[in-house]
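**Student:** Just a sequence and a predicted model for now, questions to come.
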Amino acid sequence: MANRPFYRITTAIFVGIVCANFANSQGPQAETKPVAASKGEFVFKADSSWKPSHFGGDGPIEMIDGVLKLGFGDPLTGVRWEGEFPKVNYEVTLQARRTGGFDFFCGLTLPVEDQRCSLVLGGWGGSLVGISCIDGLDASNNETMMIQNFEKDRWYRIRMRVTTDKITAWLDDDEIIDVDRAGHVFDIRGEMEESTPVGVAAFQCESEIKNFVVRELEQVAK
């Protein structure tokens with residue numbers, strides 16, 4: 001462990017879905033700056049970097065009181081970020097919940113340097129969690145697969161970190177994924193291509209997303 005790097009937050013970048021009082025809740029080491037957002041509000045319009053993903057069969061997308069509502073899609077509904085975004089050494093936090101339907105309510109697609117992956121929450125009928133894809137295997141068939149009961153209408157806190165050596169994810173206060181990058185190839189399922197380079201999507205369900213924040217991290221040698 002002595003030779004392994006650790007990471008510290010160097011900036012907190014608002015990328016769209018953020019709560020109005022977030023900046024006031026951070027400690028002195030967390031600087032914030034707005035990106036395509038005004039007064040902490042999600043900006044979902046033509047001049048914003050958030051765009052509908054256009055999977056085909058998309059449900060309605062609405063922004064109400066700071067909450068992004070993804071309507072039932074056949075099969076997918078989502079948005080993607082087309083502005084600047086770090087490719088490694090960063091951390092994303094958000095909250096999500098399923099409000100209707102039965103499948104994944106949060107498919108979070110992120111870059112992994114020159115690769116990409118999706119964190120799936122509530123897939124394959126409502127309870128599967130994992131990373132898609134690792135070495136060509138989706139979340140139901142690789143080492144990150146786990147089963148989690150998700151309650152309807154309950155907000156879940158999600159955190160995902162991508163560094164030079166690991167991909168790590170937390171659900172509420174529990175670490176649920178910790179996979180080394182070395183020796184693995186990360187990619188996405190074909191149907192998630194419209195979520196790249198950064199996106200959030202729901203599969204055959206209605207879901208809500210809020211408080212989406214990305215922080216850049218600085219690698220520090222121990």
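**Tutor:** Great, that's in hand. Numbering: from 1, shown residues only.

**Student:** and the strand with the most length in the chain, what does it pack onto?
**Tutor:** When the chain is parsed with DSSP state E, its longest strand is strand 205-220. With contacts defined as 3 or more CB pairs under 8 Å, 6 or more residues apart in numbering; DSSP states H and E, the packing partners of strand 205-220 are strand 6-14, strand 67-70, strand 90-101. For the C-beta atoms, the positions are set from N, CA and C on the backbone; glycine is no exception.

**Student:** any idea of the angle the helix or strand just after the longest one forms with strand 90-101?
**Tutor:** So that's strand 90-101. As assigned by DSSP states H and E, the chain's next helix or strand after strand 90-101 is strand 106-112. If you take axes from the mean of the first three to the mean of the last three CA atoms, to 10 degrees, strand 106-112 sits at 160 degrees to strand 90-101.

**Student:** So in that sheet, which strands flank strand 106-112, and in what orientation?
**Tutor:** Paired strands of strand 106-112, with direction, are strand 115-123 (antiparallel), strand 198-203 (antiparallel) (DSSP bridges).

**Student:** pLDDT on the shortest one, on average?
**Tutor:** Meaning strand 198-203. Taken as a whole, strand 198-203 has an average pLDDT of 97.

**Student:** most tightly surrounded among the strands paired with strand 106-112?
**Tutor:** With neighbours defined by mean count of other CB atoms under 10 Å, none of the strands paired with strand 106-112 is more surrounded on average than strand 198-203, at a mean of 28.

**Student:** who touches that strand?
**Tutor:** By CB atoms under 8 Å, 6 or more residues apart in numbering, the list of residues contacting strand 198-203 from outside reads 15, 53, 55, 68, 70, 73, 75-81, 85, 94, 96, 98, 101, 103-111, 123, 192, 194-195, 209, 212.

**Student:** What angle do strand 205-220 and it make with each other?
**Tutor:** For strand 198-203 against strand 205-220, the angle by the same axes, to 10 degrees is 150 degrees.

**Student:** distance of the closest residue in space to Leu68 that isn't next to it in sequence from Asp135?
**Tutor:** Distance criterion CB to CB, 6 or more residues apart in numbering; nearest residue to Leu68, sequence neighbours excluded, is Ile209 at 4.4 Å. Ile209 sits at a distance of 29 Å from Asp135 (criterion: CB to CB, to the nearest Å).

**Student:** Perfect, that will be all.
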